[in-house]
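J.: here is a sequence with its predicted model. Questions after.
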Amino acid sequence: MSTTDTEMTLRMLRRLLETEANMPVKGMPEPPTTEAQNYLTGRREGIYIAINAITETLGES
């Protein structure tokens with residue numbers, strides 16, 4: 001895989017993660033319970049850690 005292919009793949013993965021971070025979770029109670037809210041917060045934080053790692057790898061700010 002060339003550098004350009006790798007960069008393009010990382011950018012595509014980052015876009016997918018950004019979309020996933022904002023998607024509703026199936027089966028989540030409305031309004032979310034405290035436990036459900038904690039799950040969602042942890043999930044988003046994990047996704048954003050991955051997004052930030054990709055951004056740093058690409059050398060973008």
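T.: Cool, got the structure.

J.: pull out the buried positions in stretch 17-32.
T.: Going by neighbour count (16 or more other Cβ atoms under 10 Å), the buried part of stretch 17-32 is 17, 21. Placement of C-beta: from N, CA and C, glycine included.

J.: got a list of contacts for that stretch?
T.: 36, 39, 40, 43, 44, 47, 48, 50, 51, 54 (Cβ atoms under 8 Å, 6 or more residues apart in numbering).

J.: what about the longest helix in the chain?
T.: helix 34-58 (DSSP state H).

J.: buried sites along it?
T.: The neighbour-count check on helix 34-58 (16+ other Cβ under 10 Å) flags 47, 51, 54 as buried.

J.: ok, stretch 10-17 next?
T.: So, applying 16+ other Cβ under 10 Å, buried residues of stretch 10-17: 10, 14, 17.

J.: turn these into JSON lines, including distance to residue 3, secondary structure and pLDDT.
T.: Below are the buried residues of stretch 10-17 laid out as JSON lines (distance: Cβ to Cβ, whole Å; DSSP: H, G, I helix; E, B strand; the rest coil; pLDDT from 0 to 100):
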{"residue": "10", "distance to residue 3": "10", "secondary structure": "helix", "pLDDT": "94"}
{"residue": "14", "distance to residue 3": "16", "secondary structure": "helix", "pLDDT": "95"}
{"residue": "17", "distance to residue 3": "21", "secondary structure": "helix", "pLDDT": "94"}
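
J.: which one of the residues you listed is nearest to residue 4?
T.: residue 10 (10.8 Å; Cβ to Cβ).
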